[in-house]
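**Q** would you be able to build a 3D model of this:
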Amino acid sequence: MGEEVTKMGEIGGPLSAKLQRPAHFVLVHGISGGSWCWYKIRCLMENSGYRVSCIDLKGAGIDPADADSVHSFDDYNKPLMDFMSSLPDNEKVILVGHSAGGLSVTQATYRFSGKIRLAVYLAATMLKLGFWTDQDIKDGVPDLSSFGDVYELGFGLGPDQPPTSAVLKKEFQRKISFQLSPQEDSTLAAMLLRPGPILALMSARFKEERDDIDKVKRIFIKTTQDHVVKPHQQEEMIRRWPPSDVYVLDSDHSPFFSTPFLLFGLLIKAAASVGCH
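**A** All right, here's what the predicted structure looks like:
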């Protein structure tokens, strides 16, 4: 009987829907982060039967590259592009980008729209074409000037050239990114955050070669207590490139730490909206 059920599922019989593989989430971190950011969400998802892949972009997480050597967005985002390229043609994933990871998601949607069932922007930079205009920069780049001199900068091209990397100074990290998160998570972050390749990120510019990108459903998750991508910036990006749905979390910039169960619930709700279980 077991063999018969399997065969029925394989040929698209009446039980095939029940035998579909679970939703596959691909999680992409923001600047200075890494796949480690998602440890709570990954645990919740895998314990619930979902498939999860967490990407380390170039110079992030355990990737060995130095951020000061990463000067183009294509180079920075190559690990995600390689991962998407390696997926079977018949597999569709739910792509989730946090913060600057939204730029990574957008580029992936341009190049691999047929492999993406849903794009989720979590407190993320959601700009259809990346950084082309002053308005794009105003909406998509964090303005932390109210906190003072918060960055440690790297100058991989020389001291007379624009900075190539940045990371928040340790004394500002909790106050800016993790103010509502458990102390142990902000401590973990302080040990693992790395300089992010800001020169590469600011070079993220996309060309709308075809309309495939708007065929991929998008959901934006707003974070109402966010000091990094501020609520008014999120609202402006939503207004300029409206997603299918907007969900709201009363969280800081790091809901995978501060509200993991609520975030997990919203991600599962998002998956259900495109027929994934």
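**Q** what is the neighbour count of Lys40?
**A** Neighbouring residues of Lys40 were enumerated by other C-beta atoms under 10 Å; the total is 18. Using the backbone N, CA and C atoms, a C-beta is placed for each residue, glycine as well.
**Q** how close does the closest residue to it other than its chain neighbours get to Cys37?
**A** Closest residue to Lys40 apart from its sequence neighbours, by C-beta to C-beta, 6 or more residues apart in numbering: Pro260 at 4.1 Å. To Cys37, Pro260 is 11 Å away according to C-beta to C-beta, to the nearest Å.
**Q** who has more neighbours, these two?
**A** Higher neighbour count among Pro260 and Cys37: Cys37, with 28 against 21, using other C-beta under 10 Å.
**Q** does the more buried one count as helix, strand or coil?
**A** At Cys37 the chain is in helix, as set by DSSP: H, G, I helix; E, B strand; the rest coil.
**Q** do the same with Asp160
**A** Here Asp160 is recorded as coil under three-state DSSP.
**Q** quick one: pLDDT of it?
**A** For Asp160, the pLDDT comes out at 96.
**Q** could we number from 749 for the rest of this?
**A** Sure, I'll start counting at 749 from here, so that last one is Asp908.
**Q** neighbours around it, how many?
**A** Using other C-beta under 10 Å, Asp908 is surrounded by 6 other residues.
**Q** would you quantify the distance from it to Met829?
**A** Look at Asp908 and Met829: by C-beta to C-beta, they are 32 Å apart.
**Q** list the contacts of Lys917.
**A** For Lys917, the contacting residues are Asp897, Val898, Tyr899, Glu900, by C-beta atoms under 8 Å, 6 or more residues apart in numbering.
**Q** try it again at 7 Å.
**A** Counting by C-beta atoms under 7 Å, 6 or more residues apart in numbering, Lys917 makes contact with Val898, Tyr899, Glu900.
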